[in-house]
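**Q** Need coordinates for the below:
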Amino acid sequence: MVRERAGHTLQPTALVHEAYLRLARETGTEWEDRAHFLAIAATAMRRVLVDHARARGAAKRGGGRTWVTLHEELAAQAEQSVDVLALDQALTRLSSIDERQGKVVELRFFGGLEIRETALLLKVSEGTVKRDWRHAKAWLRRELSA
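**A** Prediction:
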């Protein structure tokens, strides 16, 4: 939530509770380790934020979208934020082009995983994650600035 715009209507506690409820509804899911759980939690939190943004936008007939910063260097600059719906759509397009890069963004951005944890989870080297992260951020910046 640190990347969310000021005045966001979804509180951090509500985000965690909603993500937990979604995870609890999925019966039969067994997590291999902490990284695997965080990956699933990152996906759940992404879905909660997107659903919240859609509901809010629908309530205002297209207005009031939820904004988040694209990368941590801009976290302190609220004016440098990204529409979470546009980010979700761009991330979906990126995943169709390069599934691993899409997963790296989801794990790092929504899940807050470090390079090492992401590499372990995806079973690739840290250098590969760094490269994927760098390329994905550049691709997303280009897509979202259009």
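**Q** Tell me the spacing between S125 and T118.
**A** 11 Å (C-beta to C-beta, to the nearest Å). Where you see a C-beta, it was placed from the backbone N, CA and C, and this is true even at glycine.
**Q** And for S95?
**A** Distance from S95 to T118, by C-beta to C-beta: 15 Å.
**Q** Likewise for G111?
**A** Look at G111 and T118: by C-beta to C-beta, they are 8 Å apart.
**Q** try L87
**A** 18 Å.
**Q** could you say what helices and strands whichever helix in the chain runs longest packs with?
**A** When the chain is parsed with DSSP state H, its longest helix is helix 34-59. Secondary-structure packing of helix 34-59 (3 or more C-beta pairs under 8 Å, 6 or more residues apart in numbering; DSSP states H and E): helix 12-25, helix 84-97, helix 115-122.
**Q** tell me which residues in stretch 120-134 are buried?
**A** Using 16 or more other C-beta atoms under 10 Å as the test for burial, stretch 120-134 gives 120-122, 128-129, 132-133.
**Q** Could you do stretch 103-116 as well?
**A** Those would be 103-111, 113, 115, for stretch 103-116 by 16+ other C-beta under 10 Å.
**Q** quick revisit: quick one, which of S95 and T118 is more surrounded?
**A** Neighbours were counted for S95 and for T118 using other C-beta atoms under 10 Å; T118 has more, 26 against 16.
**Q** what's near enough to touch that one?
**A** Taking C-beta atoms under 8 Å, 6 or more residues apart in numbering, we find T118 in contact with 35, 104, 107-108, 129, 133.
**Q** same thing but at 10 Å, please
**A** 35, 38-39, 103-108, 111, 124, 126, 128-130, 132-133 (C-beta atoms under 10 Å, 6 or more residues apart in numbering).
**Q** same check, this time on K103
**A** Going by C-beta under 10 Å, 6+ apart, K103 touches 39, 42-43, 91, 94-95, 111, 118, 121-122, 129, 132, 136.
**Q** Could I get those in a markdown table, plus columns for distance to T29 and pLDDT?
**A** Output for these, formatted as a markdown table (distance: C-beta to C-beta, whole Å; pLDDT from 0 to 100):
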| residue | distance to T29 | pLDDT |
| --- | --- | --- |
| A39 | 12 | 82 |
| A42 | 14 | 85 |
| T43 | 12 | 85 |
| L91 | 22 | 93 |
| L94 | 25 | 96 |
| S95 | 21 | 95 |
| G111 | 16 | 84 |
| T118 | 20 | 93 |
| L121 | 15 | 89 |
| L122 | 19 | 92 |
| V129 | 24 | 97 |
| D132 | 26 | 97 |
| A136 | 26 | 96 |
